[in-house]
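Participant: Okay, predicted coordinates and the sequence, questions at the end:
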Amino acid sequence: MKLFVDSGSVKDIEALASIGILDGVTTNPSLLAKEGGDYRQILKRICDIVKGPVSGEVVATDYAGMVREGRDIAAIDEHMVVKVPLTRDGVTACKTLSGEGIRVNVTLIFSAPQAWLAAKAGASYVSPFVGRLDDIGNSGMQVVREIVDLFDNADYSTEVLVASVRNPTHVIEAARLGAHVVTVPAPVIDSLFKHPLTDIGLEKFLKDWEKAQGAKV
Ligand code: G3P
């Protein structure tokens with residue numbers, strides 16, 4: 001499963017890219033609004049750092065506007081993927097943009113039927129929002145399971161990109177279910193590294209080592 005970071009922060013993306021396990025980035029209007037500045041410049045900078053798929057989202061809600069913005073986003077860099085929402089106009093725009101060879105990530109997906117529509121329109125990625133489904137008492141992972149099964153059985157090449165990830169369990173469940181990609185906020189990636197027994201174990205190893213060095217002199 002590929003690991004993307006869900007962030008518009010160049011600083012966070014640089015830090016994660018330096019580890020060497022980051023495959024791509026997703027952004028959305030909320031994340032880029034938080035950063036301020038020229039969003040095209042930010043996206044270009046991110047593409048230069050990661051050199052993998054970087055999703056930038058349209059803000060138009062009508063077909064013509066989405067296609068215009070989508071072409072503009074795709075022109076920023078060869079790594080750009082255009083994110084459109086799962087609406088009638090979004091699916092229509094997906095069909096047009098993917099027909100032009102532009103990779104499209106259809107976002108705000110909350111059900112398998114929605115994912116199926118996006119796949120039929122040639123989406124490269126569908127983004128089910130697991131956290132937001134869990135928030136309203138549904139099971140985000142159940143929807144991921146249905147989409148993975150659907151794409152496997154129908155032999156669609158569209159990748160399942162699990163989004164709205166809130167914790168390490170979401171990440172591991174996504175991998176177990178066979179999702180192709182998980183996009184994870186930087187603080188949740190940080191939490192993947194952590195276990196109290198790792199810290200305790202390391203402290204003990206170093207103490208024992210120091211003691212042995214002291215005993216030699
Ligand atoms: O980028 C889309 C998605 O990951 C947003 O997540 O936490 O705002 O539901 P969240």
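Facilitator: Right, received. Where do you want to start?

Participant: My understanding was that V162 contacts L133; is that so?
Facilitator: No: assessed by C-beta atoms under 8 Å, V162 is found out of contact with L133, at 11.0 Å. The way it works is simple: take the backbone N, C-alpha and C, and place the C-beta from them, glycine included.

Participant: More neighbours: which of these two?
Facilitator: V162 (31 against 20; other C-beta atoms under 10 Å).

Participant: what helix or strand is that one on?
Facilitator: Taking DSSP states H and E as the criterion, V162 maps to strand 159-162.

Participant: Run through this structure and note the low-pLDDT ranges.
Facilitator: Within the chain, the segments meeting pLDDT under 70 span 217.

Participant: how does it look with 80?
Facilitator: 216-217 (pLDDT under 80).

Participant: hey, which helix is longest across it?
Facilitator: Using DSSP state H, we find that the single longest helix of the chain is helix 196-216.

Participant: Pull out the buried positions in that helix.
Facilitator: By neighbour count with 16 or more other C-beta atoms under 10 Å, helix 196-216 contains no buried residues.

Participant: how distant is that helix from the center of its chain?
Facilitator: 38 Å (C-alpha atoms, centre = their mean, to the nearest Å).

Participant: Against which helices or strands is that helix packed?
Facilitator: Packed against helix 196-216 by the contact rule (3 or more C-beta pairs under 8 Å, 6 or more residues apart in numbering; DSSP states H and E) you find no helix or strand.

Participant: residue contacts, E78?
Facilitator: Neighbouring residues of E78 by C-beta atoms under 8 Å, 6 or more residues apart in numbering: C47.

Participant: in what helix or strand does it lie?
Facilitator: Per DSSP H and E, there is no helix or strand for E78.

Participant: if I look at it, how far off is K44?
Facilitator: Counting by C-beta to C-beta, to the nearest Å, the gap from E78 to K44 is 11 Å.

Participant: Give me the contact status of stretch 64-83 with the ligand.
Facilitator: No: Stretch 64-83 stays clear of the ligand (C-beta under 6 Å from any ligand atom), getting no nearer than 8.1 Å.

Participant: Could you check that stretch and say which residues are buried?
Facilitator: Residues of stretch 64-83 classed as buried by neighbour count (16+ other C-beta under 10 Å): 66-67, 69-70, 73-74, 76-77, 79-83.

Participant: okay if I get the residues you listed as JSON lines plus distance to I49 and secondary structure?
Facilitator: Shown next, in JSON lines, are the buried residues of stretch 64-83 (distance: C-beta to C-beta, whole Å; DSSP: H, G, I helix; E, B strand; the rest coil):
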{"residue": "M66", "distance to I49": "27", "secondary structure": "helix"}
{"residue": "V67", "distance to I49": "28", "secondary structure": "helix"}
{"residue": "E69", "distance to I49": "23", "secondary structure": "helix"}
{"residue": "G70", "distance to I49": "23", "secondary structure": "helix"}
{"residue": "I73", "distance to I49": "17", "secondary structure": "helix"}
{"residue": "A74", "distance to I49": "19", "secondary structure": "helix"}
{"residue": "I76", "distance to I49": "14", "secondary structure": "coil"}
{"residue": "D77", "distance to I49": "11", "secondary structure": "coil"}
{"residue": "H79", "distance to I49": "10", "secondary structure": "coil"}
{"residue": "M80", "distance to I49": "13", "secondary structure": "strand"}
{"residue": "V81", "distance to I49": "16", "secondary structure": "strand"}
{"residue": "V82", "distance to I49": "19", "secondary structure": "strand"}
{"residue": "K83", "distance to I49": "19", "secondary structure": "strand"}
